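>>> Model the structure of this input:
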Amino acid sequence: MTHKNTICLWFDGTALDAAEFYAKTFPDSAVTAVHQAPGDYPSGKQGDVLTVEFTVLGIPCLGLNGGDAFKHSEAFSFQVATEDQAETDSLWNAIVGNDGQESACGWCKDKWGLSWQITPRALTEAVTDPDRAAAKRAFDAMMEMRKIDIARIEAARRG
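Take a look at the predicted model:
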């Protein structure tokens, strides 16, 4: 691993499965190395997959099979800026359709419990519109959504 800063994600024996899913789902993503434990450890045995090096959208990550002591929470999420509705739908459906869960306002959770914000650039532009009334209309529309509907956001922004 050559990166100075890497996101370490804790898994309960499923780091390789998760990394392979992310690599096939997101562009500029790959599994780059798999490392077996050199000895027994509290949640595994020598030879088990201990860590997996991978990238998600170019961000270096390390999956650590540390056992069941810690769970993912919404306190950490990947926020993915999408260009259009097709990309938004594709990524959302890939995560939710692989035993994930829908949440509110463009958030969803994958089957490993990791949270994702699938955020169209159009939404970010709308809720930061210098016209604060337009921004509020777009924000209010977003608050009623699970997966973001860009056409509805843009309509709300226009009033």
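
>>> Tell me the helices and strands packed up against the strand or helix carrying residue 55.
In the assignment (DSSP states H and E), residue 55 maps to strand 49-56. Using 3 or more C-beta pairs under 8 Å, 6 or more residues apart in numbering; DSSP states H and E, the elements in contact with strand 49-56 are helix 15-25, strand 30-36, strand 59-65. For glycine as for every other residue, the C-beta is placed from the backbone atoms N, C-alpha and C.

>>> Please work out which residues outside it touch it.
With C-beta atoms under 8 Å, 6 or more residues apart in numbering as the contact definition, strand 49-56 has outside contacts at 1, 13, 15-16, 19, 22-23, 26, 28-37, 41, 44, 60-65, 78.

>>> just the angle between it and strand 59-65, please?
Put simply, strand 49-56 runs at 160 degrees to strand 59-65, going by axes from the mean of the first three to the mean of the last three C-alpha atoms, to 10 degrees.

>>> Tell me the backbone dihedrals of the residue lying closest to residue 109 once chain neighbours are set aside, please.
Spatial nearest neighbour of residue 109, excluding adjacent residues (C-beta to C-beta, 6 or more residues apart in numbering): residue 101 at 4.6 Å. Dihedral pair for residue 101: phi -130, psi 140, per degrees, to the nearest 10.

>>> what does stretch 28-44 rub up against?
With contact meaning C-beta under 8 Å, 6+ apart, stretch 28-44 is reached by 1, 12-13, 16, 19-20, 22-23, 45-58, 65-69.

>>> And stretch 86-99, by the same measure?
Stretch 86-99 has contacts (C-beta under 8 Å, 6+ apart) with 21, 25-26, 80, 82, 102, 108-111, 116, 118, 120, 147-148, 150.

>>> 7 Å instead, please
Stretch 86-99 has contacts (C-beta atoms under 7 Å, 6 or more residues apart in numbering) with 21, 25, 80, 82, 102, 108, 110-111, 116, 118, 120, 147-148, 150.

>>> Looking at the residues you listed, which is nearest residue 157?
For the contacts of stretch 86-99, the minimum distance to residue 157 (C-beta to C-beta) is 10.3 Å, reached by residue 150.

>>> does the closest one really touch residue 120, like I thought?
Yes. Using C-beta atoms under 7 Å, residue 150 is in contact with residue 120, at 5.1 Å.
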